[in-house]
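Student: need a 3D model of the sequence below.
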Amino acid sequence: MSCAPPRRAAFIAAARRGLVVLSILVALGPASALAVDPQSCRAVRLADIGWTDTTATTALFGHLVHELGYQPAITVLSLPVTYASLKNRDLDIFLGNWMPSQEADRRPYVADHSVDVVGANLEGAKYTLAVPDYTFDAGLKDFADINRFAAPLKQTIYGIEPGNDGNRLILKLIQENRFGLGDFKLVESSEQGMLAEVERAVRFKQPIVFLAWAPHPMNMRFSLRYLTGGDDTFGPNYGGAAIYTNTRAGYVEACPNVGRLLKNFKLTVDGLSELEARILDDHESPDDAAAGWIKKHPDWVAPWLEGVTHFDGAPARDLLAQHAGTKPVAAFEAWVTSHKIPVGDAVTRAVDYVKHHGMGVFDGLSTVVRASTDAVQALLTGVPAPFLIAAIALAALWLRRSWPLALFVAAALLFIVNQGYWAATLETLTLVLVAAFVSTALGVPLGIVAARRPAFYAVMRPVLDLMQTLPTFVYLTPTLVLFGLGVVPGLISTVIFALPAPIRLTHLGISSVPTALIEAGDAFGATRLQRLVKVELPSAAPTIIAGITQCIMLSLSMVVIAALVGAGGLGVPVVRALNTVQVGMGFEAGLAIVLLAIILDRMTRPAEHGDNQ
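Tutor: Reported below is the predicted structural model:
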C-alpha cells in the first residue's frame, strides 16, 4: 500500500477546502461573496441642507445603513458648507445635489476631484418660481408678468434660507433688473417660513410669488402653478432637475458595500413626496417616517439591497425583512417613550387653535407693528446719510458731553456706509429702537407693580426665568405661524427676549430706594403717585436706565435670529455669509453690528461718576 507524497497530500487537502468554501458561497448567494467594508467605514457621515426632500432622503438612507449595522450621523449644513466639508473629508455623503441649479456650487469640487458624483437618485424634479392658482388666473403666468403685479405683490418675492442657490438666482434677476425686477426685494427665511407666508396669502387670496419645487407636499397642500419664462435662469421644463448623490473623493472605492447601496438607491417623485408628507403633514420624526415608509414599500426597497450585505457580511435583504423599522432600545427606554407626555402635540394644537380662532387679532396687531416699524424706518431713511450721521454724533455729544465719543460715532457710521451696510444698519436700528421702546413701555410699569406687590413678583419670576432661558429659536416658531414672515415675528420675538431686563432692574431699583427717603416723602404728605414720581423713580433712575440699556443690547443680539424670519437688517448678510462660507462678508457685517452695539451702549448706559467718555 503506497502513500501519496506529502506535497501531493497537502495540495489535495487544500483543494478540498477550497471546494467546500466555494460550495458555501454558492449556497449563500452572490451577496456573501462581496467584500465586507473595513471598520473605518462603519461611521457614515451624511449631510442634510435642511430642505424637506433632502431631510427625508437622508433620513431614509441613514435608516437603511443603520439597519445594516453601520453608524450613521446626519449633520445639518448649508449647501456651500456641505461641499467644503466633503472636500475636507469631514463628511462622506450628500444626497441632495439638485442639478442644474446647483451646478455653480458643485463645479469647482468636481473639477479638482475632491467630490465624486455617484449618479442620480431621483429624476423628474422641478424647481422655479410659482404662484397660487388664483394669481395665475389673474394673469401672472410668466416671469415677464411679475413686474405688472408689483403693487399687489408689494414688490416682494419669497425665497428660502439665505445663501441658497435658488435665492441667488432670484437676487441675480433683481441685480440685473431682468424682467423689470430691479425694484423688487427678496425675503429670505427658510423653507417652512416661506410656506407659512404662502399659507397666509392663500387664506386671504392675496397674490404671492415664491420658490417652489417638486417633489414636495406643497404641490398637494396648495393649488399652485409654476411660471413660464424662467428657462434661462432656472433651466427648461420649469427648472426641470435631477437630484444626484455626491460623496467625498474615493468613498465608493474605500467603502464598496455602502457604495453599492448608493448606486442602487433610486427614488421616484411620488415616493419622495409621500415620505415628505409624513414629516410635514403627519409631524413624524424623519427617522420614524423613514421606518414607516420602508415597511409600507418593501418592493421599492428590495432593488436597493441587490448585492448589499450587513456590515458583518450577513445578507441585507434577510436582515431587513426581520428588523426593518425597529431600533434596539432598552426595555426601560422603550416603556418610557411609549408613554410620552404629549407636550409638543399640546402646544401644536394650541397654536393651531389660536391661529384659526384669533387670526383677526393677530392680523390687527401685525398691522400696527408693521406700520410702526415702517414709520420709524421711513423717518431714518428719509434723512440723507450725512445729516443723519451728524445728528447721531451730536446726540452722543449732548448725552455724554464727550467729543471723543462724538467723533467715534461719526467715524463708525461713516465706516458702515463705506462698507455698503448703511441700509441694513437702518433696518436693524429700526428693529432695535421699536423693540426697546415696547419693552420699556411694558417693562418699567410691570417692574413698579412687582416692587409694590411681592406676591405678583413671586408669580412673575418663573415666567421671566423662562423668557430669558428658553432658546430664542423657540420663539420664532409660534410667532412665524401666527404673524407670517417679515419684521413682525422678529420684533415680537425680540420683545419677549428683551422684556425681562427692564422688569427685573426696575423692580430692583424701586425695591432698593432707601427707607429714609420714602419716610421723608411721607412726612411731607406726598401721595403714593407723588412719592413714586418725585422720590422713588429719581432714586431708582440709574438702575432703571441700566435695565433699558441692557434691553437695547439684548434687542440688538436678536438681529441675526430675526433675519431668519425675514426681518432684514444686518443679520441677513451674516446668515448669508455663514451659508455660503464667505469669510469677508461675515466679518464686514459682524463688524458693523459690533460698531452699532458700541454706539448704542455708550450713548444709553447710565452715567458714572467722573465718566467723560
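Student: how about the residue lying closest to residue 450 once chain neighbours are set aside, phi and psi?
Tutor: What sits nearest to residue 450 in space, not counting adjacent residues and going by CB to CB, 6 or more residues apart in numbering, is residue 457, at 3.8 Å. Every residue, glycine included, has its C-beta placed from N, CA and C. Here the main-chain torsion angles of residue 457 (degrees, to the nearest 10) amount to phi -70, psi -30.
Student: neighbours around residue 457, how many?
Tutor: 19 (other CB atoms under 10 Å).
Student: residue 521 against residue 532, yeah?
Tutor: No: counting by CB atoms under 8 Å, residue 521 sits too far from residue 532 to count as a contact (9.3 Å).
Student: about what we covered before: show me the contacts for the residue nearest to residue 450.
Tutor: By CB atoms under 8 Å, 6 or more residues apart in numbering, the residues touching residue 457 are 450, 451, 507.
Student: swap the cut-off to 10 Å and go again
Tutor: Counting by CB atoms under 10 Å, 6 or more residues apart in numbering, residue 457 touches 446, 447, 449, 450, 451, 464, 503, 504, 507, 511.
Student: what's the per-residue pLDDT of it here?
Tutor: You'll see residue 457 listed with a pLDDT of 90.
Student: distance of it from residue 562?
Tutor: 29 Å (CB to CB, to the nearest Å).
Student: and for residue 304?
Tutor: 43 Å.
Student: so the two - more neighbours on which side?
Tutor: residue 562 (30 against 23).
Student: pretty sure that one is touching residue 571, no?
Tutor: Yes: using CB atoms under 10 Å, residue 562 is in contact with residue 571, at 5.9 Å.
Student: give me the number of residues near residue 372?
Tutor: When neighbours are defined as other CB under 10 Å, residue 372 has 16 of them.
Student: need the contact list for it.
Tutor: Contacts for residue 372 (CB under 10 Å, 6+ apart) come out as 430, 434, 437, 438, 487, 491.
Student: ok, back up a step: find residues that contact each of residue 521 and residue 532.
Tutor: With CB under 10 Å, 6+ apart as the test, residue 521 and residue 532 both reach residue 513.
Student: quick one: the strands in this protein?
Tutor: With strands called from DSSP state E, the chain shows them at 43-48, 71-76, 93-99, 115-132, 156-158, 185-187, 210-214, 224-226, 241-248.
Student: export the ones you listed to JSON lines and tack on mean pLDDT, distance to residue 584 and mean neighbour count?
Tutor: As requested, the strands of the chain are exported to JSON lines (pLDDT from 0 to 100; distance: least, CB to CB, whole Å; neighbours: other CB atoms under 10 Å):
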{"stretch": "strand 43-48", "mean pLDDT": "94", "distance to residue 584": "24", "mean neighbour count": "20"}
{"stretch": "strand 71-76", "mean pLDDT": "91", "distance to residue 584": "24", "mean neighbour count": "15"}
{"stretch": "strand 93-99", "mean pLDDT": "93", "distance to residue 584": "25", "mean neighbour count": "25"}
{"stretch": "strand 115-132", "mean pLDDT": "93", "distance to residue 584": "24", "mean neighbour count": "21"}
{"stretch": "strand 156-158", "mean pLDDT": "94", "distance to residue 584": "26", "mean neighbour count": "21"}
{"stretch": "strand 185-187", "mean pLDDT": "90", "distance to residue 584": "21", "mean neighbour count": "19"}
{"stretch": "strand 210-214", "mean pLDDT": "92", "distance to residue 584": "27", "mean neighbour count": "24"}
{"stretch": "strand 224-226", "mean pLDDT": "94", "distance to residue 584": "36", "mean neighbour count": "19"}
{"stretch": "strand 241-248", "mean pLDDT": "94", "distance to residue 584": "26", "mean neighbour count": "22"}
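Student: how about those, which one is nearest residue 257?
Tutor: Residue 257 lies closest, by CB to CB, to one member of those: strand 43-48, at 10.6 Å.
Student: and the closest one, what does it pack onto?
Tutor: Under the contact criterion of 3 or more CB pairs under 10 Å, 6 or more residues apart in numbering; DSSP states H and E, strand 43-48 touches helix 52-67, strand 71-76, helix 79-87, strand 93-99.
Student: and the ones you listed as a markdown table, adding distance to residue 300?
Tutor: As requested, the helices and strands packed on strand 43-48 are exported to a markdown table (distance: least, CB to CB, whole Å):
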| stretch | distance to residue 300 |
| --- | --- |
| helix 52-67 | 10 |
| strand 71-76 | 20 |
| helix 79-87 | 26 |
| strand 93-99 | 16 |
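Student: closest to residue 244 out of those?
Tutor: Taking CB to CB, strand 93-99 is the member of those nearest to residue 244, at 4.1 Å.
Student: pipe the strands of the chain into a markdown table and attach distance to residue 525 per row.
Tutor: Below are the strands of the chain laid out as a markdown table (distance: least, CB to CB, whole Å):
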| stretch | distance to residue 525 |
| --- | --- |
| strand 43-48 | 70 |
| strand 71-76 | 66 |
| strand 93-99 | 75 |
| strand 115-132 | 68 |
| strand 156-158 | 60 |
| strand 185-187 | 59 |
| strand 210-214 | 66 |
| strand 224-226 | 72 |
| strand 241-248 | 80 |
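Student: quick one, phi/psi of the nearest residue to residue 153 once chain neighbours are set aside?
Tutor: If the residues on either side of it in the chain are set aside, residue 153 comes closest to residue 207, at 5.5 Å by CB to CB, 6+ apart. Main-chain dihedrals, residue 207, degrees, to the nearest 10: phi -70, psi 150.
Student: surely residue 207 touches residue 157?
Tutor: No: counting by CB under 10 Å, residue 207 stays clear of residue 157, with 11.4 Å between them.
Student: quick check: neighbours shared by the two?
Tutor: Shared contacts of residue 207 and residue 157, counting by CB under 10 Å, 6+ apart, come down to residue 146.
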